[in-house]
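# I need the structure of the sequence given here:
(chains A, B and C)
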Amino acid sequence: MNPKECKYTQEHEWIRPEPENKGEMGLADYAQSQLGDIVFLDLPAPGTQVEQFKKMGEVESVKAVSDIFAPVSGQVLEINQTVIDEPKLVNEDPYGAGWLVKLELSKPAELDALMNSDEYDKLVAELSEESSEEAGGS
Amino acid sequence: MSHHYLLPDISQSGKIGCSLPSLDVTPAELPPKELLRQELELPEVSEVELVRYFTALSKLNYGVDTGFYPLGSCTMKYSPKWHEDVAKLPGFTSIHPYQPTGSAQGALQLMFELQEYLTEITGMDATSLAPMAGAQGELASMLIVKAYYQARGDKMRRKILVPDSAHGTNPATAAMCGFEMSAVPSDDKGNLDLKSLESMMNEEVATLTLTLPTTLGLFDPQIAEISRLIHASGGLLCGDGANLNSLLGKVKFGDLGIDCVQLNLHKTFSTPHGGGGPGSGPVCVKSNLADFLPLPLAAKNEKEYAFTSPAKSIGSLGAAYGNFGVMVKAYAYIRSLGAEGLKEVSEDAVINANYLKEKLKAYYHLPYDRACMHEVVFSGKRQKAKGVATLDIAKRLLDYGFHPPTVYFPLIVDEALMTEPTETESKETLDAYIDAMKEIAREVDENPDILHTAPHNTPVRRLDEVTAARKLDLRWEMGSQGTED
Amino acid sequence: MPSPYLPNTDADRSAMLQAIGVSSVDELFQDVPEKFRNVQFKLPPPLSELELKEELRRLSNLNANSDDYACFLGAGYYRHFIPSVVGHITGRSELYTAYTPYQAEVSQGTLQAIYEYQSLVCQLTGMEVSNAGMYDGSTAAAEAALMACRITRRDKVAVLSTVNPRYCRVVDTYVSGHNITLEQVKPNLDGLSSDCACLVVQQPNSFGYFEDMRAYSQKTHDIGALLIVIIDPISLGMFKPPKDYGADIVVAEGQALGNPISFGGPGLGIFTCRKEYVRQMPGRIVGKTVDVDGKPGYVLTMATREQHIRRERATSNICTNEALVALATTVYLSALGRKGLRQVAELCYHKAHYAADAIGKLKGFSLAFQQPFFKEFVVCCPVTPRQINEMLFEEKIIGGLDLSHMIENGMLFCVTEVNTKKQIDRLVEILGTL
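Here you go, the predicted structure:
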């Protein structure tokens, strides 16, 4: 399911903690499947300060535009230029080549406020059940 | 001849598509060289090649003159041809907005009378013809509301309430005016949830903006209560008149408690849609808002017609007076129908929509099984459960020679098919459409693949919108782009 | 009463009402509270096509039109030659009775024509991208100002005092909705705040004269603002495209390109900008792509900027724009082409200078400015422009714009390729009688 080493937000972002209070973040598989083919990403420039759960960027598909929320507070170190040029990587490999931003965490304790992969798997399962109920029968 | 070429492909140096006279005066000295351009790279084609090219393009297009075009809330009714002819009279086309008004009395009279007719049709007190489309009319409405409260020193009114079924322009326009928007939920009958509305109503609410009837094609019978609620808290009730075709000659917005409403001449009043305009979006208000109307208004003095500016006007929406060329056609429409004729329009529009509703509800889920007005909203959810999306149904309709209804709107209906036949469709056409929709419903069970891969019979088939958005190709280029110095 | 536009007969209506399961159409209006239904409307009785054509002809004859009068009035709306081919193409009903091309497969005519339009206006202005058009030149300028505020995240807009005052008023209406202030600045740019999002200029300016755009471009970019240039599209047949002097957004009134003046509407808001700002550009945009069979085709693209997706975060609320007017412009530019548009511009230039020269030599008249101009110029008159225009009107001439509120007895004359030498000579002769 969703990678075990990552932590997740309610808004379907993931963060993979790295040594020295760093982390790599991106959009979860559920987000990319809901958005459909992604056409454009608006990401904060390196050096930008971000705040946990506040908007840090935007992702656009053909039919929708969504905010990207920062999973933790900190500073943007690097953005994934490859994914800017090839947004479809987010659809194809959301946890690998489709990573978005590398951060330096200013408050590592904030990771505790996020879901682990089991909790997140459960959230996704519930959401999927709800939407299949809506689509079904009459 | 294939359409797969563009102007640069048929351009050749030395060709031209028109003839111009030679200079008949002594040439003057040219201006300083640094003001002049060196190269002008535009295609060069002869008139015959131009005509063949655009004729080929027109054959790829489907218009109301081609066939049934049931786009919901767009009112794709037939545009009478003689309106096109009179709009081309030189006395209407070759007049300048800034020429002395004494020399444009016919134009001013037409505008004045059109204002009067629209005021009467909507049951309001005053009309401005200045807005150039429905969205601009909506902007005018919101600016009027804003100015109204500012004039009263009421600084609290920051919110606009809009039903969750609203058209996308409503929140966009609210944002353009610095208002916050909140959505009011609809109940399971498709009406506004009055309890929610009541709980949201307070002194921060500037207006509730309703499309009447709603984008679900339903008339909310609670309208009197809704009006009472909003006015009791000092708010205004605004209307989006996009769906006026259902009420023409029968119901007045003003009677329902509406304070401000914008209309679409290119929908209700039959002016052609042009592939995306020109339109015209007049705004009609009650007397308490008349001072704020966008300028100018045409007025009748003792001796003549003239332009006036409302005392506290929100200002100009354009460099002239609105889309006069569109007004001429709407004026002609109203004068050819009269009150009786307008009533026949809305009655036939409503009959046609209800007929479609009855005949198709066994095949497509009807979220609100009650009398609809001029449009009916189906849901493709039964088909979705079998793996066929509303998009597939729409594309398959193209193979049957019909333009599909509006799809995936309003957002509160899953897999929506918003269908507005209008009064200018015959029962024969409706029956043919019904047969096609029944056939498609059968295909969902018997041959879903033909739906997934539809359309098959159109000049192009499904287009790759993803690549269009990822790899932007928005123009061709000819010659060098010129250097920036 | 049978109507040509209501194809259903009474028999059809009965059959449909029966199928619906009601006995009268009024039952279908049950949701409307009874007191609001079937009210009386006071409107004139209907007239037949024949009667109405007469009535409308009568109304149109009450207007002095510039087919019958020699017209020397411009100020943003211009009488130019429209080749007959334009009307024949825009008169094709597959094109003019279509709606917004949401179903691309059956709208390739509209979509490809818009792609051509976008390309042609970019070729003209030198800018990299264009949208499908806005309502008119003034709202295009207003939307450009709002766009500059979004891009720079600033809330102040500067407009040069030589910009068309009517355009300035429209910009004011649009920015008043947001918390954005509008500042007028003089051509010396004293008082240009360093926190402006943009400087809006016009070339040639609203008096008809060329200004030093390079200087404006320099100063605007020095403060990190955008340069928005309003141009006369016909002038670009001869004069430098704004891209060359650093414009960021170029807008114009497109009426002059193949459309009748029509009492000021419908017009066309030409809107072009630098490629890097494309995502902030309002309005509809057509893009080229392929279909499932690999055939080239066209679609509306980047819809996520627009109201139906982005809703309250849309770049604008515009839906219906002026598509048919843009089509006329497309045909016009194609018919004229590279040589034709240059020729039209040169005809305007030389005729206007011929007229200015002759009027400037008349006793009591003088030319207000010495700078280079294109097809409009300001004259200081010996009596009020009002008196002059009354006199000219008696002679079946529509005179220039009264500028006396800005320049004493000032009048803005316009001469285009449709004014003949005979008309100009007659104008000069009549003015000479003063």
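
# burial of the residue nearest to B:Ile223 when sequence neighbours are not counted, as a residue count?
In this structure, B:Ile223 finds its nearest non-sequential neighbour in B:Leu256, 5.0 Å apart by CB to CB, 6 or more residues apart in numbering or on different chains. All C-beta spots, glycine's among them, are computed from the backbone N, C-alpha and C. Number of residues near B:Leu256 (other CB atoms under 10 Å in any protein chain shown) recorded here: 23.

# which ones are touching B:Leu256?
Residues in contact with B:Leu256 (CB atoms under 8 Å, 6 or more residues apart in numbering or on different chains) are B:Leu212, B:Ile223, B:Ala224, B:Ser227, B:Gly239, C:Phe36.

# Mark which of the residues you listed are part of helices, please.
Secondary structure defined by DSSP state H assigns B:Ile223, B:Ala224, B:Ser227 of those to helices.

# Correct me if wrong, but B:Tyr355 is in a helix.
Yes - when DSSP: H, G, I helix; E, B strand; the rest coil is applied, B:Tyr355 is found to be in a helix.

# Quick check: B:Leu397 is in a helix.
Yes - under three-state DSSP, B:Leu397 sits within a helix.

# Check the burial of it by counting its neighbours.
B:Leu397, neighbours per other CB under 10 Å, totals 23.

# Can you give me the distance of it to B:Cys372?
20 Å (CB to CB, to the nearest Å).

# Also B:Pro163?
16 Å.

# Do you have the helices of chain A handy? List them.
Taking DSSP H as the criterion, chain A carries its helices at A:29-35, A:81-85, A:88-92, A:117-135.

# Same list (those helices) but as CSV, adding mean neighbour count.
As requested, the helices of chain A are exported to CSV (neighbours: other CB atoms under 10 Å in any protein chain shown):
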stretch, mean neighbour count
helix A:29-35, 19
helix A:81-85, 13
helix A:88-92, 19
helix A:117-135, 12
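
# out of those helices, which comes closest to C:Ser235?
Judged by CB to CB, the one of these that comes nearest to C:Ser235 is helix A:81-85, at 39.2 Å.

# Pick out the residue in the stretch 1-150 of chain B sitting closest to chain C.
At 2.7 Å from chain C, B:Gly91 is the closest residue in the stretch 1-150 of chain B, using CB to the nearest CB.

# State the pLDDT value of that residue.
You'll see B:Gly91 listed with a pLDDT of 97.

# isn't it right up against C:Asn63?
Yes - counting by CB atoms under 8 Å, C:Asn63 is a contact partner of B:Gly91 at 4.5 Å.

# what do the two both touch?
Among the neighbours of B:Gly91, those also in contact with C:Asn63 (CB under 8 Å, 6+ apart) are B:Gly106.

# Those two: who's more crowded?
C:Asn63 (26 against 22).

# I figured the more buried one was touching B:His96, is that so?
No - under the criterion of CB under 8 Å, C:Asn63 makes no contact with B:His96, lying 9.9 Å away.

# which non-adjacent residue is nearest C:Glu116?
Leaving aside its sequence neighbours, C:Glu116 sits nearest to C:Thr330 (CB to CB, 6+ apart; 5.3 Å).

# Please name every helix or strand in contact with the longest helix seen in chain C.
Longest helix in chain C by number of residues (criterion: DSSP H): helix C:323-360. Secondary-structure packing of helix C:323-360 (3 or more CB pairs under 8 Å, 6 or more residues apart in numbering or on different chains; DSSP states H and E): helix B:47-59, helix C:84-90, helix C:93-96, helix C:108-125, strand C:366-367, strand C:376-380, strand C:410-414, helix C:421-431.

# from these, which stretch is densest packed?
Sort the helices and strands packed on helix C:323-360 by mean neighbour count, taking mean count of other CB atoms under 10 Å in any protein chain shown, and helix C:108-125 sits at the top with a mean of 27.
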